[in-house]
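> okay, sequence plus prediction incoming.
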Amino acid sequence: MGATALGAPTKEFFVGMLTRDIELSDAILDLLDNCLDGVVRQKGASGKSTSPDYYSEFYANITITCNSFIIEDNCGGIPRDVAEKYAFRMGRSPEKEGDELPTVGIYGIGMKRAIFKIGKSAKVITRNDGSLYQVTIPANWAESDDNWEFPIEELASTDLLLSGGTKIEINDINAGIVDLWNSDEKIDQFTDHMIKAIQQSYSFIIHKGFEIKVNDKKISPLPVKLLITEKSMDTGIKPFVYKQTFDDVNVSLAVGFYAPPPSPEDIDDENNLKRSSSDAGWTIICNDRVVLYNDKSHLTGWGEGGVPQYHTQFIGIRGVVIFESKNPQNLPMTTTKRGIDTSSKIYSVVKDKMRQGLKLFTDYTNRWKGQNTEERKYSTAAKSVSIESIINTSTTQNADNLLTLRKNRDGFMFKPTLPKPKNDKPYRIIRYSKDVDKIDELIEYFYKDLDHSVSPSQIGEKCFDIMLERARNTKE
C-alpha cells in the first residue's frame with residue numbers, strides 16, 4: 001500500500017465548530033430537547049398531539065452555580081446500548097435512523113455541543129430499565145486526537161434517579177461562561193434570561209404537564225389564545241384555520257386576533273399599551289418545540305404577497321403553525337432549532353396559507369380604521385380560546401366544535417367571514433407630533449379648561465373636522 005495523507009478530524013476542530021455558532025441559551029435548550037425526546041421514547045407517539053397532559057409527571061431541573069451546570073430529569077434515561085453505540089458520537093449514526101417517533105433530535109450533536117459550549121469536562125449519570133451507569137468526559141479529552149471514546153462506569157444501586165432519568169453535571173466551565181456566572185447577581189440575571197427563553201420555546205409542552213425549574217424557580221407557560229365569537233352569533237371574530245398532510249408531515253395552522261385592534265389613541269400612546277408588539281406575530285412549532293417565536297418579518301409572510309409590513313396597528317394579530325413528523329429531518333427547522341429552513345418545499349406551501357390568513361386580519365384592521373367604537377362591538381364580544389382547542393377542532397360537523405373545517409383541494413380549511421363596517425369607505429390615519437404646550441393651548445381654546453380630559457388624537461380630530469367644515473362651506 002502506498003503513502004497516504006491523513007484525513008482524520010481533530011477534536012479541537014470538532015469542538016470549535018460545534019460550539020461557535022450557537023448561543024449559550026440555545027445550547028441549554030438542546031439539553032431540554034433531549035429530556036423531552038426521552039418522554040416520547042417512553043410513551044410513544046400515541047396522544048402526543050392531542051392529549052392535554054401528555055408530559056404530566058415528567059420534569060427537568062436545571063441548577064447553575066459559578067463553577068458548575070447541572071440538569072437532571074426523570075425522562076427514562078439512556079439505554080446502555082444507545083450510550084455505547086450512538087449517544088456520545090459526534091454526529092448521528094446511519095444505524096440509528098428509523099426511530100419513527102416525533103422527536104426533535106436530528107443530527108446527534110445536541111448534548112455534546114451543549115456540554116462543550118459550557119465546560120471542558122462532564123459526568124453523565126443515567127438510569128434506564130434498572131441499569132445505573134456513568135459516562136465521563138475528562139477535562140483533558142480534547143488535548144489528544146488519538147482516543148475518541150469516553151469511559152463508562154457501572155454505579156452501585158443507590159437512590160439516584162430511581163424513576164429512570166439522566167443527570168448531566170458539567171464542570172471546568174469555559175472562561176467566557178465563567179464571566180456570565182461569577183456572581184450571584186449575574187447568575188440571577190442569566191436565570192431570568194433563561195426562563196424567558198424556556199417560556200417562549202416550551203410553553204406548549206409546559207401546558208401539557210412538563211415541569212421545568214431553573215435554580216428552583218418553576219417556569220409557568222405563556223398563554224397562547226385567539227378570539228372566537230360563539231357559533232350562535234351570525235357574524236363575529238373567528239380565526240383562519242388550515243390543516244394539511246405532506247407525506248409524513250402533519251401541518252396545523254391558525255391565525256387571528258388575540259386582542260382587539262388598537263385605537264388611534266392606543267397607537268399614539270404606544271409606550272402605554274397594555275399589550276406589547278412582542279405578543280404579536282407568528283409562532284412556529286416543530287414536534288412541540290417552538291423554533292420561531294412571534295415573528296413579524298418576511299420569514300413568516302409579513303411585507304410579502306399583498307401583506308403589509310408589520311405595524312403597531314396590527315398588534316392584535318397572532319398566528320401559530322404546528323409541524324409534526326415521525327421523521328424530524330423532514331421538519332422545516334434549522335440545526336439550532338431556533339429558525340426556519342426557508343428552502344423547505346413544505347414551508348413554501350404553508351407560507352402561502354400563512355399570508356392568506358394574515359391578509360384577512362390586516363385588511364380587517366385597515367377597514368375599521370377610525371371606527372373603533374363600532375368595531376369593539378364585535379371584538380369584545382368574542383372569547384379567548386386556547387390555540388390547542390382551535391388546532392384540534394374536528395374536520396366534520398359537530399355541535400361541540402368551535403369551528404367546522406371544510407375540505408378544499410389543499411387540505412381542510414376554515415376561512416372566516418369577518419364583520420364589515422356600514423361605512424366601508426377606506427380610512428387613513430393622520431399622525432403628526434406637536435409641542436405639548438401648543439396642544440394645551442388648543443385644549444384651553446376649545447374647552448375653556450386646561451385640565452379637560454381629552455387625548456391629543458381627539459384634539460387633532462377636532463381640528464380636522466373644523467377645517468373640513470370650512471372647506472365644504474367655501475363650496476356653497
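The structure has been received and is ready for your questions. None of these values were measured; they are calculated from a predicted model.

> check contacts around Gln200.
With contact taken as C-beta atoms under 8 Å, 6 or more residues apart in numbering, Gln200 is in contact with Leu222, Val290, Tyr293, Asn294. Quick note: C-beta positions are derived from backbone N, CA and C, even for glycine.

> so, low pLDDT: which residues of the stretch 151-300 of the chain?
For the stretch 151-300 of the chain, applying pLDDT under 70 flags the ranges 232-234, 265, 267-276.

> helices of that one, residue ranges please.
In the stretch 151-300 of the chain, the helices defined using DSSP state H, counting those that start in this stretch lie at 175-181, 184-207, 264-268.

> between those, which gets nearest to Gly301?
Counting by C-beta to C-beta, Gly301 lies closest to helix 184-207 out of these; the figure is 20.0 Å.

> buried residues in the closest one, which are they?
187, 190-191, 194-195, 197-207 (16 or more other C-beta atoms under 10 Å).

> follow-up on the earlier one: reformat the helices of the stretch 151-300 of the chain as CSV; add distance to Asp465.
Shown next, in CSV, are those (distance: least, C-beta to C-beta, whole Å):
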stretch, distance to Asp465
helix 175-181, 57
helix 184-207, 45
helix 264-268, 14
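
> for those helices, which one sits closest to Arg127?
Nearest to Arg127, of these and by C-beta to C-beta, is helix 184-207 at 22.6 Å.

> residue contacts, Gly130?
Counting by C-beta under 8 Å, 6+ apart, Gly130 has no contacts.

> and it, what are its phi and psi?
Main-chain dihedrals, Gly130, degrees, to the nearest 10: phi 90, psi -10.

> most neighbours, which of the contacts of Gln200?
In terms of neighbour count, Val290 stands highest of these at 25 neighbours, by other C-beta atoms under 10 Å.

> my guess is that residue meets Ile284, correct?
Yes. Using C-beta atoms under 8 Å, Val290 is in contact with Ile284, at 7.2 Å.

> circling back: quick one: which of the buried residues of helix 184-207 is nearest Val320?
Closest to Val320, out of all of those and judged by C-beta to C-beta, is Phe204, at 8.9 Å.

> surely that closest one meets Leu222?
No. Applying C-beta under 8 Å as the test, Phe204 and Leu222 come out as separate, 9.5 Å apart.

> show me the contact partners of stretch 348-367.
By C-beta under 8 Å, 6+ apart, the surrounding residues in contact with stretch 348-367 are 239-240, 242, 244, 246, 251, 253, 255-257, 261, 282, 300-302, 304-308, 313-314, 316-317, 319, 321, 342, 410, 413, 415-416, 418, 420-421, 424, 426-427.

> ok so, going back, for Arg406, which of the helices of the stretch 151-300 of the chain is the nearest?
helix 184-207 (26.3 Å).

> so which strand or helix has the residue nearest to Pro138 when sequence neighbours are not counted?
Nearest residue to Pro138, sequence neighbours excluded (C-beta to C-beta, 6 or more residues apart in numbering): Ser121, at 5.9 Å. According to DSSP states H and E, Ser121 maps onto strand 119-128.

> give me the next element, helix or strand, following that strand.
On the C-terminal side of strand 119-128, the nearest following helix or strand under DSSP H and E is strand 131-137.

> walk me through which strands that following strand pairs with, and which way each runs.
Paired strands of strand 131-137, with direction, are strand 119-128 (antiparallel), strand 152-154 (antiparallel) (DSSP bridges).

> CA atoms only for that strand, dumped as CSV, please.
Only the C-alpha atoms of strand 131-137 are listed here, as CSV (Å, rounded to 0.1, in the frame of the first residue of the first chain):
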residue,chain,number,x,y,z
SER,A,131,-29.3,-0.1,34.9
LEU,A,132,-27.4,2.8,36.6
TYR,A,133,-24.1,3.9,35.0
GLN,A,134,-21.9,6.9,34.4
VAL,A,135,-20.2,8.2,31.3
THR,A,136,-17.3,10.6,31.9
ILE,A,137,-15.9,13.2,29.6
